[in-house]
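Student: fold the following and give me the result.
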Amino acid sequence: MHQEATGRVTRRRVRTRANLLQAAFAVFAAKGFGHVSIEEVCEAAGYSRGAFYSNFSSLDELFFALYQERAELIAEQVSGALALDGPDLDVPAAVDRVTEVLLLDRDWLLVKTDFLVHAARDPDVARSLLEHRARLRRAIADRLARARGHTALPAVLGDTDGAAHAVVAAYDGVTVQLLLDRDVEHARAWLKQLLTALLTDGSGTLEDTRN
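Tutor: Coordinates of the predicted model:
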């Protein structure tokens, strides 16, 4: 009986935490971190301050947990999108899948930008953000390196690590414009053009320079 009760409490706690994170995401996206109170998050989630403090010690901790949760999901989706072609990499198709994952959620871009500003002022948070970006770049670099027929990238990019940095930089630049003009379709088309130009010889296939 005690174990069953403990299990119910644990499940309820997990559910409460998930609901708080979901509500906080919507509130942060609408108002911005730094303009949101614990009371507003609790009201949006339908919980008391006690429920909040049983899961998080502060709004900063909740914000950090929210970013980690979403960032890990994005990294997994990108890795999955790049892995669908098997040993061959269909660059245009992979780019389409990646841009669908990265650009459809403008609320995520708002929260991510808030987190970037927050991290710029806090070295500990900055380290976590840098680690996430490094994992994302590694996933991209690993996929490029495994693409059959690929032994070299355009010289300006150097190796696959350089290419991965360029991919993330292109995404960063496009999303800044997206946040301002809210034109998702244009942003997706623009990013596709940039990534295809970066990663191919212009034909839509990775360069093969093994001759």
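Student: and the top helix by length along the chain, what does it pack onto?
Tutor: Longest helix of the chain, by residue count under DSSP state H: helix 2-31. For helix 2-31, the elements it packs on are helix 38-45, helix 49-53, helix 59-83, helix 106-120, judged by 3 or more C-beta pairs under 8 Å, 6 or more residues apart in numbering; DSSP states H and E. To be clear about C-beta, it is placed using only N, CA and C from the backbone, and glycine gets the same treatment.
Student: can we see that at 6 Å?
Tutor: Where contact means 3 or more C-beta pairs under 6 Å, 6 or more residues apart in numbering; DSSP states H and E, helix 2-31 is packed against helix 38-45, helix 59-83, helix 106-120.
Student: now that helix: buried residues?
Tutor: Using 16 or more other C-beta atoms under 10 Å as the burial criterion, the residues of helix 2-31 that qualify are 16-17, 19-21, 23-25, 27-29.
Student: and A164, what does it touch?
Tutor: A164 makes contact with 137, 140-141 under the criterion C-beta atoms under 6 Å, 6 or more residues apart in numbering.
Student: do F25 as well
Tutor: Neighbouring residues of F25 by C-beta under 6 Å, 6+ apart: L66.
Student: give the rounded mean pLDDT of stretch 36-47.
Tutor: For stretch 36-47, the mean per-residue pLDDT is 95.
Student: export that stretch to PDB, keeping only CA atoms.
Tutor: The C-alpha trace of stretch 36-47 is given here as PDB (Å, rounded to 0.1, in the frame of the first residue of the first chain):
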ATOM      1  CA  VAL A  36       6.500  37.100 -15.600                       C
ATOM      2  CA  SER A  37       5.800  36.300 -12.000                       C
ATOM      3  CA  ILE A  38       5.500  33.000 -10.200                       C
ATOM      4  CA  GLU A  39       1.800  33.800  -9.600                       C
ATOM      5  CA  GLU A  40       1.200  34.200 -13.300                       C
ATOM      6  CA  VAL A  41       2.700  30.800 -14.000                       C
ATOM      7  CA  CYS A  42       0.700  29.200 -11.200                       C
ATOM      8  CA  GLU A  43      -2.500  30.800 -12.500                       C
ATOM      9  CA  ALA A  44      -1.900  29.600 -16.000                       C
ATOM     10  CA  ALA A  45      -1.200  26.100 -14.800                       C
ATOM     11  CA  GLY A  46      -4.000  26.000 -12.300                       C
ATOM     12  CA  TYR A  47      -1.800  25.400  -9.300                       C
END
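Student: so how far is that stretch from its chain's centroid?
Tutor: 24 Å (C-alpha atoms, centre = their mean, to the nearest Å).
Student: list the buried residues of stretch 96-104.
Tutor: For stretch 96-104, burial by neighbour count (16+ other C-beta under 10 Å) applies to 97-99, 101-103.
Student: so which of these are in helices?
Tutor: Of the positions in the buried residues of stretch 96-104, 97-99, 101-103 sit in helices, assigned by DSSP H.
Student: and these, which two are the farthest apart?
Tutor: The span of these, defined through C-beta to C-beta, is set by R97 and L103 at 11.4 Å.
Student: that's all I had, so thanks and see you.
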